[in-house]
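> Provided below for reference: sequence and predicted model.
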Amino acid sequence: MDEARQLRRLKAASWLEGATLVLLVGIAVPVKHLAGWPLATTIMGPVHGLAFLFYLWVVAATVAGGGWRGPEIARLVVAAFIPFGALAVQPMLRRRLAAA
């Protein structure tokens with residue numbers, strides 16, 4: 001797979017993972033605790049878990065192609081644990097995509 005296509009896949013996976021994390025933490029968990037509706041996290045938890053694993057898989061596949069520095073890889077991984085972290089990696093991915 002060419003580098004530009006892999007970077008586009010990484011961008012999409014980043015957005016997906018970031019959106020599911022925000023939905024889980026920002027909506028499902030409060031609904032569970034404030035409204036007493038645990039089904040919200042029962043549904044959203046596994047959805048985010050799959051998105052998270054897919055994102056890590058895409059990160060691993062992308063950096064395996066070479067040309068990534070340690071701090072860039074760390075930034076990609078750490079961003080997955082922070083709500084709205086996907087926004088923090090988008091400029092770096094945009095620059096790499098423009099260079100590819």
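Received it, and whenever you're ready, just let me know what you need.
> centre of the chain versus stretch 54-63, how much separation?
Distance, stretch centre to chain centre, for stretch 54-63: 10 Å (CA atoms, centre = their mean, to the nearest Å).
> ok, now stretch 92-100?
The offset between the C-alpha centroid of stretch 92-100 and the centroid of the whole chain comes to 17 Å, using CA atoms, centre = their mean.
> Can you mark which positions in that stretch are buried?
93, 96-97 (16 or more other CB atoms under 10 Å). The C-beta positions use only the backbone N, C-alpha and C, and glycine is treated the same way.
> Show the model's pLDDT score for Gly66.
pLDDT for Gly66: 87.
> do the same with Phe81
Per-residue pLDDT puts Phe81 at 95.
> where are the low-confidence patches of the protein?
1 (pLDDT under 70).
> Now find how far off-centre the helix or strand hosting Ile43 is within its chain.
In this structure, Ile43 sits in helix 39-63 according to DSSP states H and E. Helix 39-63 has its C-alpha centroid displaced from the chain centroid by 8 Å (CA atoms, centre = their mean).
> which of the residues in it are buried?
Residues of helix 39-63 classed as buried under the neighbour-count rule (16+ other CB under 10 Å) are 40-41, 44, 48, 51-52, 54-55, 58-59, 62-63.
> Which one of the residues you listed is nearest to Val77?
Closest to Val77 out of those is Val59 (6.6 Å), distances taken as CB to CB.
> Point out the other helices and strands that the helix holding Ile43 packs with.
When contacts are defined as 3 or more CB pairs under 8 Å, 6 or more residues apart in numbering; DSSP states H and E, helix 39-63 packs onto helix 3-23, helix 29-34, helix 70-79.
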